[in-house]
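S.K.: dropping the sequence and predicted coords here.
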Amino acid sequence: MQMDADRQSKAAVHLAMLINMLSIGSLMMVMPLGPDFVRALGMQASHVGYIAGGATLAAALGAALTAAWLDRLDRKRTLVVLLALRFALLLSCALASDPKQLIVLFVLSGLVAGPMGAVLMAAMLDLIPPAERGRKLAYVAMGYSLAAIVVTPLALEVAARGGWQAPFALFGGAGLLLALLCQPLFPRPPAHVHKTTRLWPLLRSPLCLGALAIVALQMFGHFLLVPHFSNYFQFNLDFPRQHIGLLYLCGGLASLAAMHLGGVLIDRGSARTVVLVSSGCLAAITLLGFALPLGLSLYLVFTLFMALGAVRSSSTLTIAAAIPLPEQRAAFMALQGTVSNVAAGLGSLFSAAYLTSDAGRRLIGFNDLAWLYAGAGTVAGIGVLVLLRGIQTRAAAVAEARTIKEGRTQPAGES
């Protein structure tokens with residue numbers, strides 16, 4: 001019986017990684033599919049950011065609105081229902097006949113994605129013992145990188161052969177299949193104690209507020225550019241449509257390798273170096289590749305951009321993870337996820353409103369956004385260094401206070 005439970009727990013971790021990959025990948029794929037929507041549906045090139053930004057904001061809104069009652073529901077049943085609803089809506093996007101229908105259906109699928117992701121991660125924390133969470137949650141988080149490496153290139157190739165509807169049909173159907181598999185394979189998490197986390201002490205912490213501000217700045221800047229890359233590459237730089245999938249594959253593979261390298265360096269005590277190199281080089285490649293283009297190979301520019309951006313994000317999250325107390329970690333991660341989604345959505349919407357397109361569908365104003373991205377990234381990098389110093393100062397103060405307390409409680413004659 002125990003072996004069955006162990007196998008079921010392992011199956012749940014694999015299912016969670018696949019769900020994470022499909023859910024994130026389906027959000028990511030609409031950015032590079034933008035030109036296909038422009039050609040087939042008549043969507044304006046400058047409006048592609050609305051579909052990505054709207055879905056991202058909807059995910060944050062859905063998680064925020066349901067946070068108070070999600071813990072009251074049965075984890076497994078809620079996950080299966082939300083998973084089926086989220087991917088049914090994604091599948092229905094293939095039936096859209098105009099840009100408005102596509103945007104509405106995709107945003108609704110994003111609205112469900114927020115609480116679905118929250119329930120999924122809560123179930124993982126219920127099922128995985130604390131001693132195994134680091135390794136297994138890292139495996140689940142691989143879904144983000146695999147979304148860039150597998151889902152986005154596959155979506156581009158499938159769309160090139162079967163039309164823009166094909167990726168929605170493929171991944172919507174795959175998500176519904178995962179919902180069916182969860183019913184027999186996903187174990188029912190153990191009963192848990194309902195505890196209310198007090199957010200006010202966390203929100204009063206300067207370190208917490210600083211970390212949230214840095215994440216917001218990074219994500220807002222990142223989504224000024226990312227939703228429009230495919231349009232910019234094809235319409236402004238005349239990059240071949242058939243090579244877009246390979247370009248994103250290179251960026252995804254580089255991100256995976258760079259995140260691993262950055263994590264190793266941080267574990268060896270080189271967090272400051274990782275922050276300086278990733279933030280500085282990312283600002284430089286953005287300026288030289290997009291703000292003041294020097295004619296460098298797009299494969300080189302885009303691969304470096306994606307790799308450095310991944311290192312910067314992962315290093316920020318790793319450093320910020322030291323801020324909350326153990327009993328505040330879930331609340332802190334929820335706040336961080338909400339702020340991240342809202343900032344990403346606002347960045348997409350702002351860039352969509354700022355950019356215009358000419359008769360040749362070339363984006364006008366992209367270089368201005370590249371300058372803004374480089375500036376925001378530089379400020380955020382400086383903020384991470386200040387945050388790191390604050391965390392180290394707090395840790396030293398706590399250690400000193402503990403030493404003093406232990407000295408005072410030491411019995412006489414043992415000194």
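M.R.: Here it is on my side, so go on.
S.K.: where's A284, which helix or strand?
M.R.: Taking DSSP states H and E as the definition, A284 sits inside helix 271-286.
S.K.: so which residues make contact with that helix?
M.R.: The contact list for helix 271-286 (C-beta atoms under 8 Å, 6 or more residues apart in numbering) reads 225, 262, 265-266, 301, 304-305, 308-309, 311-312, 315-316, 318-319, 370, 373-375, 377-378, 380-382, 384-385, 388. For glycine as for every other residue, the C-beta is placed from the backbone atoms N, C-alpha and C.
S.K.: and it, how far out from the chain middle?
M.R.: Distance of helix 271-286 from the chain centroid (C-alpha atoms, centre = their mean, to the nearest Å) equals 19 Å.
S.K.: would you put the C-alpha positions of the next helix or strand after that helix in PDB?
M.R.: Counting by DSSP H and E, the next helix or strand C-terminal to helix 271-286 is helix 298-320. Provided in PDB are the C-alpha atoms of helix 298-320 (Å, rounded to 0.1, in the frame of the first residue of the first chain):
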ATOM      1  CA  LEU A 298      19.600  38.100 -34.200                       C
ATOM      2  CA  TYR A 299      20.400  34.600 -33.000                       C
ATOM      3  CA  LEU A 300      23.200  36.000 -30.800                       C
ATOM      4  CA  VAL A 301      21.200  39.000 -29.500                       C
ATOM      5  CA  PHE A 302      18.000  37.100 -28.700                       C
ATOM      6  CA  THR A 303      19.800  34.100 -27.100                       C
ATOM      7  CA  LEU A 304      21.900  36.400 -24.900                       C
ATOM      8  CA  PHE A 305      18.800  38.400 -24.100                       C
ATOM      9  CA  MET A 306      16.800  35.400 -23.000                       C
ATOM     10  CA  ALA A 307      19.600  33.700 -21.100                       C
ATOM     11  CA  LEU A 308      20.600  36.900 -19.200                       C
ATOM     12  CA  GLY A 309      17.000  37.700 -18.400                       C
ATOM     13  CA  ALA A 310      16.400  34.200 -17.000                       C
ATOM     14  CA  VAL A 311      19.500  34.500 -14.800                       C
ATOM     15  CA  ARG A 312      18.400  37.900 -13.500                       C
ATOM     16  CA  SER A 313      14.900  36.700 -12.700                       C
ATOM     17  CA  SER A 314      16.100  33.500 -11.000                       C
ATOM     18  CA  SER A 315      18.800  35.200  -9.000                       C
ATOM     19  CA  THR A 316      16.300  37.800  -7.800                       C
ATOM     20  CA  LEU A 317      13.800  35.200  -6.700                       C
ATOM     21  CA  THR A 318      16.600  33.200  -4.900                       C
ATOM     22  CA  ILE A 319      17.800  36.200  -3.000                       C
ATOM     23  CA  ALA A 320      14.300  37.400  -2.100                       C
END
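S.K.: in helix 298-320, what counts as buried?
M.R.: For helix 298-320, the buried set under the neighbour-count rule, 16 or more other C-beta atoms under 10 Å, comprises 298, 301-317, 319-320.
S.K.: ok, stretch 257-268 next?
M.R.: Applying 16+ other C-beta under 10 Å to stretch 257-268 flags A258, M259, G262, G263, L265, I266 as buried.
S.K.: do stretch 206-216 as well
M.R.: L207, C208, G210, A211, L212, A213, I214, V215, A216.
S.K.: ok, the residues you listed vs L249, which is closest?
M.R.: Comparing those against L249 with C-beta to C-beta picks out V215 as the nearest, at 27.1 Å.
S.K.: wait, the closest one touches A343, no?
M.R.: Yes - with contacts counted by C-beta atoms under 8 Å, V215 reaches A343, the gap being 7.1 Å.
S.K.: returning to that earlier point: list just the nearest of the buried residues of stretch 257-268 to L120.
M.R.: Among the buried residues of stretch 257-268, and counting by C-beta to C-beta, the member closest to L120 is M259, at 21.1 Å.
S.K.: tell me the angle the helix or strand hosting that closest one makes with helix 271-286.
M.R.: Assessed by DSSP H and E, M259 sits inside helix 244-267. On the basis of axes from the mean of the first three to the mean of the last three C-alpha atoms, to 10 degrees, helix 244-267 is oriented at 160 degrees to helix 271-286.
S.K.: still on that earlier bit, what is the orientation angle of the helix holding A284 with helix 298-320?
M.R.: 150 degrees.
S.K.: how many neighbouring residues does G117 have?
M.R.: Other residues near G117 come to 21 when the count uses other C-beta atoms under 10 Å.
S.K.: residues of the one helix or strand it maps to that come out buried?
M.R.: Using DSSP H and E, G117 falls within helix 99-127. In terms of neighbour count (16+ other C-beta under 10 Å), helix 99-127 has its buried residues at 99, 102-103, 105-124, 127.
S.K.: got it, and stretch 92-101?
M.R.: S92, C93, A94, A96, P99.
S.K.: can you map out the helices along the stretch 1-150 of the chain?
M.R.: Ranges of helices within the stretch 1-150 of the chain are 2-28, 34-41, 48-70, 75-92, 99-127, 133-146, based on DSSP state H, counting those that start in this stretch.
S.K.: just tell me which of these ends up closest to L292.
M.R.: Nearest to L292 among these is helix 48-70; the distance by C-beta to C-beta comes to 22.9 Å.
S.K.: tell me what that closest one is packed against?
M.R.: In terms of contacts (3 or more C-beta pairs under 8 Å, 6 or more residues apart in numbering; DSSP states H and E), helix 48-70 is packed against helix 2-28, helix 34-41, helix 99-127, helix 206-225, helix 329-354.
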